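Colleague: got a predicted structure plus its sequence, pasted below:
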Amino acid sequence: MRSQIKSVSSPLPSGIESAAGFVGVASSEIVSGAIGKLGNEASLATEHLVVRGKRSEPIRRPAVTIFETVMGKDDRTRVLETTKSPWRMICALEIRGPFGNFSGTGWLVGPKTLITAGHCVHEIHQMGGWAKTIRVVPGRNGADRPFGQIDAVKFTTTDVWIADQNPDYDIGCIHLPEPIGHNLGWFSIASLSDIELQESLVNICGYPADRGGGLEQYFEANRILKVGPRRIFYDIDTFGGQSGAPVWVYQNGSDMPIGVAIHAYGTSATPDDLHITANSAPRILPEVLTQIKTWIASDN
């Protein structure tokens, strides 16, 4: 397994050092998040939707025809309480690239640092290279932008993603000009071992294009079907626009969400030799965690 990755910055002036190597850290390290000044008022979505712990059997759903990345009956649920934690830490992205406009999802991991998929900041075939600008709308709820919006022009991703669009390294970062996380809070992030991830119940929430046109949050949860060396695979409905969404768990009875992967792919990117129908996310491995910590430090 590759033990180092390098950070590559967009060509726009960013003040962020590019192409610097990083050494991995110990497995199962957790970097603490923050609730934010707005507090941790309970939401019905958190009470009734999120999942915790592990499960040997999947959460069952009717078996019908599979379309794209919605697997069988669409089990996603719209989140309406987007001003509460953790939903306000999840952001709709309006991406402007050389070839046009796109949508995506990002999530706060620091006051000024947003994690997303690498292909939301740099993608050759459809977007035409680096994003020019990305408008970040925290907790967007249709036409309602409860926390306003912020435009970003500083982006980074991994050298492996830039070189060959390897899905295992499809990880990106949006560097914000203002510390919106102080009010909104941010996710904890962790590098968990294979054993810790196996059969874990995970949560995914983002802004799909097929429901709400990328303007509304949709959520679903299920167990991890397969833990790969660099990606996890799960039976959770997603669609375009949810790329970059957080894949998170809860540990030890805590209400702090812990991001363990970055959703990026539908069923077509799942290797045939796994013999499963699943969507997937690059894991936050030790060297990825180190890189994210460096991005956070550079922003602060």
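Modeller: Yep, it's here.
Colleague: wait, doesn't Tyr265 sit right on Ala281?
Modeller: Yes - with contact defined as CB atoms under 8 Å, Tyr265 reaches Ala281; the gap is 7.3 Å. From N, CA and C alone the C-beta is placed, and that goes for glycine too.
Colleague: mutual contacts of these two, please.
Modeller: Taking CB atoms under 8 Å, 6 or more residues apart in numbering as the criterion, Tyr265 and Ala281 both touch Arg231.
Colleague: more crowded one of these two?
Modeller: Ala281 (31 against 21; other CB atoms under 10 Å).
Colleague: and the next helix or strand past the helix or strand containing that one?
Modeller: Using DSSP states H and E, Ala281 maps to strand 279-282. Next in sequence after strand 279-282, counting helices and strands by DSSP H and E, comes helix 286-299.
Colleague: look up how far Glu216 lies from Glu81.
Modeller: 12 Å (CB to CB, to the nearest Å).
Colleague: kindly report the same for Glu29.
Modeller: 34 Å.
Colleague: who has more neighbours out of the two?
Modeller: Neighbour tally, Glu29 and Glu216, criterion other CB under 10 Å: the higher count belongs to Glu216, 20 against 16.
Colleague: so that one sits against Gly142, correct?
Modeller: Yes - using CB under 8 Å, Glu216 is in contact with Gly142, at 5.6 Å.
Colleague: just to revisit the earlier point, what does the strand holding Ala281 rub up against?
Modeller: 69, 71, 167-171, 228, 230-238, 247, 261-267, 269-270, 288.
Colleague: in this structure, which spans are helices?
Modeller: Per DSSP state H, the chain carries helices over the ranges 44-48, 159-164, 181-184, 194-197, 286-299.
Colleague: columns distance to Leu38 on top of those helices, output as a markdown table?
Modeller: Formatted as a markdown table, the helices of the chain follow (distance: least, CB to CB, whole Å):
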| stretch | distance to Leu38 |
| --- | --- |
| helix 44-48 | 14 |
| helix 159-164 | 33 |
| helix 181-184 | 6 |
| helix 194-197 | 30 |
| helix 286-299 | 20 |
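Colleague: which non-adjacent residue is nearest Pro179?
Modeller: Among residues not flanking Pro179 along the chain, Pro111 sits closest, at 3.7 Å (CB to CB, 6 or more residues apart in numbering).
Colleague: what of Glu94?
Modeller: Using CB to CB, 6+ apart, the closest residue to Glu94 is Arg135 (3.9 Å).
Colleague: count the neighbours of that neighbour for me.
Modeller: By other CB under 10 Å, 16 other residues sit near Arg135.
Colleague: with the one 4 residues further on instead?
Modeller: Around Gly139 sit 23 other residues, with neighbours defined as other CB under 10 Å.
Colleague: so it is in contact with Ile90, correct?
Modeller: Yes - counting by CB under 8 Å, Gly139 touches Ile90, with 7.0 Å between them.
Colleague: who touches both of these two?
Modeller: The overlap between the contact sets of Gly139 and Ile90 (CB under 8 Å, 6+ apart) consists of Thr82, Gln217.
Colleague: ok so, going back, chain center to the strand holding Ala281: distance?
Modeller: On the basis of CA atoms, centre = their mean, to the nearest Å, strand 279-282 is displaced by 10 Å from the centre of the chain it belongs to.
Colleague: avg pLDDT for that strand?
Modeller: In this model, strand 279-282 carries a mean pLDDT of 92.
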